[in-house]
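S.K.: quick one: sequence plus predicted model below, questions after.
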Amino acid sequence: MKFKCITSPIKNGVFLLTILIFFSCSNKKENVQLRIATAANMQFAMKELVQEFSEKTGITCETIVSSSGKLTAQIKAGAAYDIFVSANTKYPNELYKSRIVSQKPEIYAYGSLVLWTLKDGLKPSVELLQDNRIKHIAVANPKTAPYGSAAIIFLKNTGVYDQVKPKLVFGESISSVNQFIFSESAEIGFTAQSVVLSPKMKGKGQWLSLNADVYPPIEQGVVLIPQKEEKRTENAAKFYKFLFSPEAQQILREYGYQPAK
């Protein structure tokens, strides 16, 4: 007896759909995601940088935002980040000295410190910090956040630190400081100029750019973190190179950063 194999259009369609789903899943696995450890001050600028980078290269990115000190601790503990975009060079240098990364950090931009308030009737100034209307001054943790360290040095160099010290409230990072200011839990605070120039925050409240000669330069450094997967290492190198490109540096300028020299 001969058996005739009859293939219905429905079965053909199901088979074809199964094949398409299989290859679709395979492509997703091959699409290696780039994990970027990002200092909190870079949160808004990084969003635009990643969008530009992904459009140019097709490489998808995930950003992990926190204070530079906390991200450094995570990297030392083995966090699988591919590149570390820090708020200073101190923490990337720690990774270099610990031999976690093989190259010294390179400065990709210089940050700027500002005083910011959302309270009606307040005009930011150093003198205002000593005013009785100011009960809380938000500052990022100087032990882990470079912008917090710069703020403390600014207060000391302007001679008002001792007077305003009881008013200081500390956030883990610039992101926490922004929340204090935005919720008006703090009447005023020290944040990054990139925050007040971001599309999300632009035009909200009043801010004052602080004299850069009164606090140390905020030299923002970047390092590549070696990974076993060659593709991820290649993608990280592409983003590293992109960060110094004219397009990326222009985006950084728009957020108030001074370009890398």
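M.R.: Alright, I've got the coordinates. Quantities reported herein were computed from a predicted structural model and do not represent experimental measurements. Residues are numbered from 1 along each chain as shown.

S.K.: all strands of this protein, in order?
M.R.: Taking DSSP state E as the criterion, the chain carries its strands at 34-39, 61-66, 83-85, 106-111, 113-117, 137-140, 168-171, 188-192, 206-209, 218-224, 258-259.

S.K.: pairing partners for the second one, with directions?
M.R.: Strand 61-66 pairs in its sheet with strand 34-39 (parallel), by DSSP bridges.

S.K.: run the chain-centre distance for stretch 171-182.
M.R.: 14 Å (Cα atoms, centre = their mean, to the nearest Å).

S.K.: ok, of the strands of the chain, where does mean pLDDT dip lowest?
M.R.: The weakest mean pLDDT among the strands of the chain belongs to strand 258-259, with a mean of 91.

S.K.: strand partners of that one, parallel vs antiparallel please.
M.R.: Paired with strand 258-259 in the same sheet, following DSSP bridges, are strand 106-111 (antiparallel).

S.K.: need the CA coordinates for the partner strand. CSV is fine.
M.R.: Only the C-alpha atoms of strand 106-111 are listed here, as CSV (Å, rounded to 0.1, in the frame of the first residue of the first chain):
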residue,chain,number,x,y,z
GLU,A,106,40.4,59.4,29.6
ILE,A,107,38.5,62.7,30.2
TYR,A,108,35.5,63.0,28.0
ALA,A,109,34.1,66.2,29.5
TYR,A,110,34.3,68.8,32.3
GLY,A,111,31.2,69.2,34.5
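
S.K.: circling back to that earlier point, would CSV of the strands of the chain with mean neighbour count and distance to K156 be doable?
M.R.: Backbone N, C-alpha and C define where each C-beta goes, glycine included. Shown next, in CSV, are the strands of the chain (neighbours: other Cβ atoms under 10 Å; distance: least, Cβ to Cβ, whole Å):
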stretch, mean neighbour count, distance to K156
strand 34-39, 25, 23
strand 61-66, 17, 26
strand 83-85, 27, 28
strand 106-111, 21, 19
strand 113-117, 23, 14
strand 137-140, 29, 12
strand 168-171, 19, 12
strand 188-192, 29, 13
strand 206-209, 17, 18
strand 218-224, 23, 16
strand 258-259, 17, 23
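
S.K.: redo those as JSON lines? Include distance to L252.
M.R.: Listed next are the strands of the chain as JSON lines, based on distance: least, Cβ to Cβ, whole Å:
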{"stretch": "strand 34-39", "distance to L252": "13"}
{"stretch": "strand 61-66", "distance to L252": "15"}
{"stretch": "strand 83-85", "distance to L252": "11"}
{"stretch": "strand 106-111", "distance to L252": "5"}
{"stretch": "strand 113-117", "distance to L252": "16"}
{"stretch": "strand 137-140", "distance to L252": "20"}
{"stretch": "strand 168-171", "distance to L252": "23"}
{"stretch": "strand 188-192", "distance to L252": "12"}
{"stretch": "strand 206-209", "distance to L252": "16"}
{"stretch": "strand 218-224", "distance to L252": "9"}
{"stretch": "strand 258-259", "distance to L252": "7"}
